[in-house]
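> Quick one, what's the 3D model for this:
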Amino acid sequence: MDTLQAPEESEIPGDVELRLQHEPLWRIRVRLMQKSFKANWKLFKRNKVGVVGLVIIIMFAILGIAQPILFATGVWDKRVYDVRTGNDNRERIAEMTVVANVDDVVDPNTQIDRRRLIAEGKNAEIGDVIQRELKHPWPPDRNHLLGTDPNGSDILSQLMFGARAAFGLGLLAATVTVFIATTVGSVAAYFGGWVDSFFMRFADLLLMLPILAVLIVASSFGRFKLWHLAIFLGLLGGFGGTAIVLKSQALSVKVKPFIDAARVAGGNNWRIVTSHLIPNVMPLSFLYVMFSVTGAISSEAVLSFLGLLNIDMSWGLMINKTQSAGYLLNPSTWWLIVPAGLAVTLLAGAFYLAGRGMDEIINPRLRNR
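From the prediction side, this is the model:
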């Protein structure tokens, strides 16, 4: 009987060694990143709250992308659905029932006050059904799935445009916040002394300031645009409370043996901070991206509602227009306030929930709860 011959001991290790020597460094890093992503995704999926938040974020991202696609494919006419110039001027006739007085009008789209008809020079008896042109705001129908506002603009189109504005504002503000806070926290933790005292006392000062009041005062010097607000919020957050949290994380990294090894090997201070300290603080920084987006979206909604931002359209501005037209507390025109208010609440809450899911990845002590 023939026996199987085992391969020579040097064949397999040599092949592996040769392959590793000729494999580009970037490909090794990509493979390690893929492995890390798969492991972290398994942990994230276990947190149902985080998954719900991520699903809501994806839904709003699709909503924001959908509007330009609808315009490009011709499904929507820009003359009707554009948030800046769009207006539905088509005549719309509705059958309306005549009631005795204005207090009896439950639905202004299907009922009309007899006294109003008399004032207009028309006569009808109570209970008669008349045909009348329906004025804006129109209730939801097949052409306007979420109705129109008092100016005849489509609510769904405004909601889609507002989603893009919310993502742009939130992500830019979060990026500025995390970049500054990570740098400030790492530098303060590593150098200590007067550097630490200066940045931390400045952070304490910003924490004492009422952010909304500061934003209102700042906007009085000139009407904010969206990117102005994003950078302003990023500066307040980056030099404020987020820097304190990330500094505490940097302090725990500073005492690790590999920091001492880098110092003994001759690495200068800035190289140690940028190559060793900051990369190990970044996981916690990504967590605060989610929380920073939540705060930015909420702040924008408040400032837009107060009319302090110079922007084309946002969810806060939709609520502001509803209030200016006198429909804010009118339950019969719910489509003017509910979609925008619900969008602000859901997206801001979704980023917070996704952040809680990421917290379980970054903080191993939460995995055993």
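> Report the mean per-residue pLDDT for stretch 244-258.
Averaging pLDDT along stretch 244-258 yields 86.
> After whichever helix or strand S248 is part of, which helix or strand is next? Please name it.
Using DSSP states H and E, S248 maps to helix 241-254. For helix 241-254, the following helix or strand on the C-terminal side (DSSP H and E) is helix 257-264.
> Report all helices and strands that that next one contacts.
Under the contact criterion of 3 or more Cβ pairs under 8 Å, 6 or more residues apart in numbering; DSSP states H and E, the helices and strands touching helix 257-264 comprise helix 269-272. C-betas here are computed from N, CA, C, even on glycine.
> Alpha carbons of the helix it packs on, as CSV, please.
Once non-C-alpha atoms are left out, helix 269-272 reads as follows in CSV (Å, rounded to 0.1, in the frame of the first residue of the first chain):
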residue,chain,number,x,y,z
ASN,A,269,6.0,64.5,21.9
TRP,A,270,3.9,65.4,18.9
ARG,A,271,4.6,62.2,17.1
ILE,A,272,3.5,60.2,20.2
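> Please spell out which residues along the helix or strand following that helix are buried.
In the C-terminal direction, the helix or strand that comes right after helix 269-272 (DSSP H and E) is helix 278-305. Buried residues in helix 278-305, counting neighbours by 16 or more other Cβ atoms under 10 Å, are found at 278, 280-281, 284-285, 287-305.
> Buried residues in the helix holding S248, which are they?
By 16+ other Cβ under 10 Å, the buried positions in helix 241-254 come out as G241, T242, A243, I244, V245, L246, K247, Q249, A250, L251, V253, K254.
> next one: stretch 161-168
Neighbour counts using 16+ other Cβ under 10 Å place F161, G162, A163, R164, A165, A166, F167 of stretch 161-168 among the buried residues.
> Might you specify the subset of those residues located within helices?
Counting by DSSP state H, these place F161, G162, A163, R164, A165, A166, F167 in helices.
> Now do the second one against D260, distance only.
When distance is defined by Cβ to Cβ, to the nearest Å, G162 is 51 Å away from D260.
> do the same with I69
Between I69 and D260 the distance is 55 Å, computed by Cβ to Cβ.
> can you count the residues close to the residue nearest to L156 when sequence neighbours are not counted?
In space, L156 comes closest to L146 once its chain neighbours are excluded; the distance is 4.4 Å by Cβ to Cβ, 6 or more residues apart in numbering. Counted by other Cβ atoms under 10 Å, the residues lying close to L146 total 19.
> before we move on, what about M208?
By other Cβ under 10 Å, 7 other residues sit near M208.
> just to revisit the earlier point, might one say that the residue nearest to L156 is in contact with L336?
No - with the criterion set as Cβ atoms under 8 Å, L146 and L336 do not qualify as a contacting pair; they are 9.3 Å apart.
> Mutual contacts of those two, please.
A shared contact of L146 and L336, defined by Cβ atoms under 8 Å, 6 or more residues apart in numbering, is any residue touching both; here these are I155.
> which helices and strands does the top strand by length along the chain pack with?
Using DSSP state E to assign secondary structure, the strand with the most residues in the chain is strand 93-99. The criterion is 3+ Cβ pairs under 8 Å, 6+ apart, and the helices and strands that strand 93-99 contacts are strand 111-113, helix 114-119, strand 129-133.
> Just put the ones you listed in a markdown table and tack on distance to L207, mean neighbour count and mean pLDDT.
What follows is those, written out as a markdown table (distance: least, Cβ to Cβ, whole Å; neighbours: other Cβ atoms under 10 Å; pLDDT from 0 to 100):
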| stretch | distance to L207 | mean neighbour count | mean pLDDT |
| --- | --- | --- | --- |
| strand 111-113 | 54 | 18 | 78 |
| helix 114-119 | 56 | 14 | 76 |
| strand 129-133 | 56 | 11 | 76 |
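> Poorly predicted segments of the stretch 51-200 of the chain, please.
Applying pLDDT under 70 to the predicted model, the residue ranges of the stretch 51-200 of the chain that meet it are 109.
> can you do 50?
Along the stretch 51-200 of the chain, no part satisfies pLDDT under 50.
> Between helix 278-305 and the helix holding S248, find me the angle.
If you take axes from the mean of the first three to the mean of the last three Cα atoms, to 10 degrees, helix 241-254 sits at 170 degrees to helix 278-305.
> what's helix 241-254 packed up against?
If contacts are counted by 3+ Cβ pairs under 8 Å, 6+ apart, helix 241-254 sits against helix 155-191, helix 193-208, helix 278-305.
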